[in-house]
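Undergrad: Build me a model from this:
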Amino acid sequence: MPNPSRLDPTRVRKIVAAQFAHVRPRDVRLMGVQGSDHESYDVDGEWIVRFPKTAAQVARIEIEHRIVAAVADRLPIAVPRFELIGRPMEDFPFVFTGYRKLPGTPWDEVDAALTPSSPPRDEMACEIGEFLTALHIVGSGGSFRGRARRPIADA
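TA: Numbers count the residues shown, from 1 in each chain. I've put the predicted structure just below:
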């Protein structure tokens, strides 16, 4: 069985194509900043597919799916909706997940994407604060009644 830590765009394209006929990946790119739990790939500019780096992360994927499903409609901004659930196979031994790419600029790319017409940083920070407040309200059983759901301000 191939080493899960040896993913590359060609291997990811093969794995995604084998499990999700409706995706038909052509352009697969490793995302910029990687966390310690997952390796994330942009597939055709439409999907983000996340592969756990170890077996220990698989249980966290299931927890994340349940949490997002429970809170997504109650938050003031768009959050990923997990539509792809990959199963272990010869080319990758763990469950993995994918969702449609959200509009906007990844936080690690904001500085490079800022233009004179970009929202001020304090406005973006306020939106992130509003999201975190809503998340805590929802987590305590409440319901957030702020502005309408939207993507975080695009840089």
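
Undergrad: Over to Arg60. Which of the three states is it?
TA: Here Arg60 is recorded as helix under DSSP: H, G, I helix; E, B strand; the rest coil.

Undergrad: Any idea how many residues pack against the residue lying closest to it once chain neighbours are set aside?
TA: Distances taken as Cβ to Cβ, 6 or more residues apart in numbering put Asp37 closest to Arg60, at 6.8 Å, once the chain neighbours are dropped. In this view, the C-beta of every residue, glycine as well, is placed from N, C-alpha and C. By other Cβ atoms under 10 Å, the residues close to Asp37 number 16.

Undergrad: likewise Thr97?
TA: Thr97: 21 neighbours (other Cβ under 10 Å).

Undergrad: Report the contact partners of it.
TA: Thr97 is in contact with 49-50, 61, 64-65, 82, 84-86, counting by Cβ atoms under 8 Å, 6 or more residues apart in numbering.

Undergrad: ok, 7 Å please
TA: When contacts are counted by Cβ atoms under 7 Å, 6 or more residues apart in numbering, Thr97 touches 50, 61, 82, 84-86.

Undergrad: out of these, which are inside strands?
TA: Members of these lying in strands (criterion: DSSP state E): 50, 82, 84-86.

Undergrad: Buried only: go through the contacts of Thr97 for me.
TA: For these, a neighbour count by 16 or more other Cβ atoms under 10 Å gives the buried set as 50, 61, 82, 84, 86.
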